[in-house]
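[1] With the sequence up front, the predicted model follows.
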Amino acid sequence: MLVTSLVTTGPADGLSSRFTGPVDRRGFPAYYTDSSGVSLRICEDGTFACLATTTAALANRVDGEAFYWQAAATLPTSRGTLDVEIALEAAFAERNVPSVFTRIRVRGHLSRAGSYVLNHPYGSLRINAASASEQRNVNTTIDVDCPLGPGPCGGRIDNFLRSTSLGVGYLGLAVPGRVTGGSVRNSLSLRTSSGRTLGSTRQFAIVGKLATGPANVITTPRVSFGNTARPRTRTLLVHSAGSAALTFGAIRMSGTRQVTVARTGCAARRSLAPGGNCRVTLHFRPGAARVVRGALLLSDNTRVGTHRIPVSASTSGVVSAVNGEGFGTHRVGTSSRTHRILVRNTGLRAMRISGVSVAGTGARSFHRTAGGDRCVAGTRVAAHTSCSVYVRFAPTSRGLKLARLNVRASALNSPQSVLLRGRGVR
């Protein structure tokens, strides 16, 4: 039905199960904890927030399933509708053998067969839709086992999506709405293999019941000040969503002195009642460092004890170039005209080129040539200026030739590459 492969974007680590709690009589951990310190137990209290799931769902120890957490969405596109489920599930692999796993499931129908890319909150997934004549030509499930004791879950789900409208006891109420907490994005979109977007949504129905006790739900898994030469301020919302009051310890920055914590909001109080909110305000002042990386450390009385929120900022150059350069069709043994490819510095500081190379299966057919403003190792490119790479195409055999022009520099987003393409004929 579907062939799938993961595109390597998103975090490399899965959910943490360092904090799993005792195992219940059925063999399932009492709770799992994500990278932001949110602990969830199996949602089986019979309420709508738990999809009316009760303990009977797993009572026979044979089949059935229940969720620690689920984010479900309907993705409308110009070629059909997809149902997407991202979850942490509990089930019995066979009689009396408990199993917990993360799941990404995509089902639906697209009017045109082919290859697509689903961009989800934890990365991207390549999917191939089968014949459009099939009623459900998109049907794929990726399950990754989680340990029933200490040890990391596999896969790329590292942080539980949570509703932006939080109450007490749950991460969501199983109704569609906006979310936060995604490690890459807080939305879904489908695009063609050529990059055209066919549809998107920000609406997710969240299922997730918090473990008993205090719970600190922070609105974002990381903070970025972006690339800036000016002071900036960022604010995080902290929500006390557990069944007991949240008590704060130290709230401080680690790893950098260019970001500081304002002694207001959460940092000026000792506790937060269930259902309450406060804010943590961070100030960034540019300094000598081009790239700043640190962490906000927030200590409290939850099971985790200290929540670590990565913080980043930069004052750097940025490499910018066209995505691709086409050289057309040429006879074997002849050469195209020379193409000039501009490499721009769209950042805030000068950058220095450290290397320019051509690589790939068709690299032998593309040749760099001389020019007046060449980008070569050692070239200094001031902010908002450019240098050039000159390339000609001389096919050595018939067929489509593809290669990449790779540019390395002392810039925030280095390295960058430009796709080179041309075709050789007899």
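    Okay, I see it. Quick caveat: nothing in here was measured; it's all calculated off a predicted structure.
[2] Run through the bridge partners of Val100.
    Residues found in beta-bridge contact with Val100 (criterion: DSSP bridges) are Ala90, Cys146.
[3] Contacts only, for it.
    Counting by CB atoms under 8 Å, 6 or more residues apart in numbering, Val100 touches 28-29, 32, 68, 88-91, 145-148. For glycine as for every other residue, the C-beta is placed from the backbone atoms N, C-alpha and C.
[4] ok, and the most crowded of these?
    Ranked by neighbour count (other CB atoms under 10 Å), the contacts of Val100 have Tyr32 at the top, with 29 neighbours.
[5] Do I have it right that that one meets Ser39?
    Yes: using CB atoms under 8 Å, Tyr32 makes contact with Ser39 at a distance of 7.0 Å.
[6] in the sheet, who's paired with Gly324?
    Beta-bridge partners, per DSSP bridges, of Gly324: Leu419.
[7] Distance-wise, check it relative to Gly195.
    11 Å (CB to CB, to the nearest Å).
[8] Pick out whichever of the two has more residues nearby.
    With neighbours defined as other CB under 10 Å, Gly324 and Gly195 compare such that Gly324 has more, 13 against 8.
[9] First-to-last residue distance for stretch 337-350?
    End-to-end distance for stretch 337-350: 31 Å, by CA to CA, to the nearest Å.
[10] Show residues contacting that stretch.
    The contact list for stretch 337-350 (CB under 8 Å, 6+ apart) reads 227-229, 290, 315-322, 325, 327, 351, 353, 369, 371, 375, 380-393, 405, 407, 411-412, 418.
[11] mind listing what Ser336 touches?
    Contact analysis of Ser336 by CB under 8 Å, 6+ apart lists 327-328, 330, 392-394, 422.
[12] run the last query once more with 10 Å
    Each residue near Ser336 by CB atoms under 10 Å, 6 or more residues apart in numbering is listed here: 327-330, 365-367, 391-395, 422.
[13] can you tell me which helix or strand Arg279 belongs to?
    Arg279 is part of strand 277-284, with elements assigned from DSSP states H and E.
[14] can you check Ala383 too?
    Using DSSP H and E, Ala383 sits in no helix or strand.
[15] Now do it: how many residues are near it, please.
    Neighbours of Ala383 using other CB under 10 Å come to 16.
[16] again, but for Tyr170
    That count, for Tyr170 with other CB under 10 Å as the rule, works out to 22.
[17] my guess is it meets His239, correct?
    No: with contact defined as CB atoms under 10 Å, Tyr170 does not reach His239; the gap is 11.6 Å.
[18] Now for these two: what residues contact both?
    Contacts common to Tyr170 and His239, judged by CB under 10 Å, 6+ apart, are Arg162.
[19] ranges for the strands of the stretch 101-250 of the chain?
    Along the stretch 101-250 of the chain, counting by DSSP state E, counting those that start in this stretch, strands occupy 114-120, 123-129, 138-146, 162-163, 176-177, 179-180, 188-192, 197-201, 204-210, 216-218, 223-227, 232-240, 246-254.
[20] tell me the most buried of these?
    Most buried of those by mean neighbour count (mean count of other CB atoms under 10 Å) is strand 162-163; its value is a mean of 26.
[21] Residues in contact with it: which ones?
    For strand 162-163, the external contacting residues (CB under 10 Å, 6+ apart) are 34, 36, 38, 40, 69, 71, 170-182, 204-206, 208, 210, 217-219, 239, 241.
[22] Let's check: the centremost residue of this structure is which one?
    Nearest to the mean C-alpha position of the chain, counting by CA atoms, centre = their mean, stands Val184 at 2.3 Å.
[23] pLDDT value on it, please?
    Among the per-residue scores, Val184 shows a pLDDT of 91.
[24] so how far is Asn159 from it?
    Distance, Val184 to Asn159, by CB to CB: 10 Å.
[25] Same check on Gly181?
    5 Å.
[26] list residues touching both of these two?
    34-36, 38, 121, 218, 220-221.
[27] got a list of what Thr197 touches?
    Going by CB under 10 Å, 6+ apart, Thr197 touches 77-78, 117, 119, 189-191.
[28] Looks to me like Arg364 is in a helix.
    Yes: judged by DSSP: H, G, I helix; E, B strand; the rest coil, Arg364 forms part of a helix.
[29] burial count for it?
    By the measure other CB under 10 Å, the count of residues near Arg364 is 14.
[30] Likewise for Asn137?
    Neighbours of Asn137 under the rule other CB under 10 Å: 21.
[31] now Arg340
    14.
[32] cool, Ser193 as well?
    Quick note: Ser193 (other CB under 10 Å) scores 11 neighbours.
[33] In space, what's closest to it - neighbours in sequence excluded?
    Ser115 (4.5 Å; CB to CB, 6 or more residues apart in numbering).
[34] my read: that neighbour touches Asn128, true?
    Yes: assessed by CB under 10 Å, Ser115 is found in contact with Asn128 at 5.1 Å.
[35] For stretch 287-296, which residues meet the burial criterion?
    Within stretch 287-296, the residues that qualify as buried are 290, 292, 294-296, counting by 16 or more other CB atoms under 10 Å.
[36] Please identify which two of these are farthest apart in space.
    Pairwise distances across those peak at 20.9 Å for Arg290 and Leu296 (criterion: CB to CB).
[37] State the next helix or strand along the chain beyond the lowest-mean-pLDDT helix or strand in the chain.
    Here the helix or strand of the chain ranked lowest by mean pLDDT, DSSP states H and E is strand 4-7, holding a mean of 31. Elements were assigned by DSSP H and E; along the chain past strand 4-7, the next helix or strand is strand 32-33.
[38] Could you give the separation of that next one from the chain centroid?
    Its chain's C-alpha centre and that of strand 32-33 lie 19 Å apart, by CA atoms, centre = their mean, to the nearest Å.
[39] And it, what does it pack against?
    Counting contacts by 3 or more CB pairs under 10 Å, 6 or more residues apart in numbering; DSSP states H and E, strand 32-33 is packed against strand 39-41.
[40] buried sites along stretch 317-336?
    317-321, 325, 327, 330, 336.
[41] Export the residues you listed as TSV, with columns for secondary structure, distance to Phe101 and pLDDT.
    Shown next, in TSV, are these (DSSP: H, G, I helix; E, B strand; the rest coil; distance: CB to CB, whole Å; pLDDT from 0 to 100):
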residue	secondary structure	distance to Phe101	pLDDT
Gly317	strand	43	81
Val318	coil	40	82
Val319	strand	40	83
Ser320	strand	41	84
Ala321	coil	42	82
Glu325	strand	44	92
Phe327	strand	48	95
His330	strand	52	96
Ser336	coil	53	95
